[in-house]
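Test case, fold it:
(one chain, ligands or ions: 2)
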Amino acid sequence: MTAIVFDKFSYAYSTGDPVLHSIDLTVPTGSFTVVTGPEGSGKTTLCLAIAGAVPQYFGGRMAGNVTVGGVKTTAINMADLARQVGTVLADYESQLVALTVAEEVAFGLENRGVPRLEIAGRVQQALAMVGLSGKEDNEVAGLSGGQRQRLAVASILVTDPDIIVLDEPASALDPEGTLELYRLLGELNKDHGKTIVVVEHHLTSILPYATQLVVMDNGRIVLDGPVMQILTAMVNCQLYAEAVPALWKLKFALEKVVKVSLSDWTSPGEAVIELKKLLASRKKGVAKSA
Ligand SMILES: Nc1ncnc2c1ncn2[C@@H]1O[C@H](COP(=O)(O)OP(=O)(O)OP(=O)(O)O)[C@@H](O)[C@H]1O
Ligand SMILES: [Mg+2]
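Residues are numbered from 1 along each chain as shown. Ligands and ions are numbered 1, 2, ... in the order given. Next up, the predicted model:
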């Protein structure tokens, strides 16, 4: 099953030239897809196209199709599409509208006419999933940046969408908040079967969870595939290579220069363990030959 399909999708905002050019992309159901690329390459526009806001809200001109759960985004209204796709915008603060944490999460359900009794239970569940249990009556304004970000995710989760799209969700978070957020998204993907699409520049903390990596440049998808394959191609073809974490650059350099074959690390922790083993075995080798 495919969650999202872009089929030769091109788009221009009403005020300008095309910003997406003949995008072909398949996001399988259950995928954890990371979209990266330089500033202005079209990542946010791609997210807006999945949510249907492009073109339904922004107008403009388009060609080709985007299909979500088998339905064209132009054939369904945005509210109905939002039942399948939850979107956390880059400026998620603007998505927070209520005074208290519980009211914020309940908002989307009240709008859909969900019975009051059911709302309370679902709010508790969504807050537990993002680690905000017990904060129901706290004021949204009094939460930390990381807590507000997780609240934005809870407000999406409560409506139980199959697909969650997040545009640079860690941009305002400290390293710990970032790790926590991505651990949460990893869990939602692995344990709850959510299809996740995340726009991210800083790849290190998201790599352990990603299954598909997409690199955009200038309105086009220039690379798309399994994570390790794409990281290698980014370095070899110098396509947004600056985003490849230093440890992985080191891995590729070692493999080339020292001619060792290293395993496919998914986290810095794994990298360090293997590099230590490699160093220890080399030292032994040197000691033997001495
Ligand atoms: N509402 C809009 N109206 C007109 N042009 C827009 C609009 N939003 C974005 N653009 C243009 O579309 C192109 C792609 O922008 P987009 O925001 O999708 O890129 P991005 O990869 O998300 O960039 P960033 O890394 O800065 O977030 C840019 O040239 C941008 O100026
Ligand atoms: Mg953007």
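
For the helix or strand containing residue 214, buried residues please.
Per DSSP states H and E: residue 214 is located in strand 212-217. By neighbour count with 16 or more other CB atoms under 10 Å, strand 212-217 contains the buried residues 212, 213, 214, 215, 216, 217. For every residue, glycine as well, the C-beta is placed using N, CA and C.

Over to stretch 139-155?
140, 143, 146, 147, 148, 149, 150, 151, 152, 153, 154, 155.

residues making contact with it?
Residues outside stretch 139-155 that contact it (CB atoms under 8 Å, 6 or more residues apart in numbering) are 88, 92-93, 95-96, 98-101, 104-105, 107-108, 126-127, 129-132, 135, 164, 166, 169-170, 172-174, 176-177, 180-181, 184-185.

Which among these count as buried?
88, 92, 95-96, 98, 100-101, 104-105, 107-108, 126-127, 129-130, 132, 135, 164, 166, 169-170, 172-173, 177, 180-181, 184-185.

of all the buried residues of stretch 139-155, which two lie farthest apart?
146 and 155 (15.2 Å; CB to CB).

Now do residue 164 against ligand 1, distance only.
Plainly put, residue 164 is 18 Å away from ligand 1 if you go by CB to the nearest ligand atom, to the nearest Å.

out of the buried residues of stretch 139-155, who's nearest residue 28?
residue 153 (21.9 Å).

can I get the CA coordinates of the host helix or strand of the closest one in PDB?
Assigning secondary structure by DSSP H and E places residue 153 in helix 145-157. C-alpha atoms of helix 145-157 as PDB (Å, rounded to 0.1, in the frame of the first residue of the first chain):
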ATOM      1  CA  GLY A 145       9.300  25.300  23.700                       C
ATOM      2  CA  GLY A 146       9.800  21.500  23.600                       C
ATOM      3  CA  GLN A 147       6.500  20.900  25.500                       C
ATOM      4  CA  ARG A 148       4.600  23.300  23.100                       C
ATOM      5  CA  GLN A 149       6.100  21.300  20.200                       C
ATOM      6  CA  ARG A 150       4.900  18.000  21.700                       C
ATOM      7  CA  LEU A 151       1.500  19.600  22.400                       C
ATOM      8  CA  ALA A 152       1.200  20.500  18.700                       C
ATOM      9  CA  VAL A 153       1.900  16.800  17.900                       C
ATOM     10  CA  ALA A 154      -0.700  15.700  20.500                       C
ATOM     11  CA  SER A 155      -3.300  18.000  18.900                       C
ATOM     12  CA  ILE A 156      -2.700  16.200  15.700                       C
ATOM     13  CA  LEU A 157      -2.500  12.700  17.200                       C
END
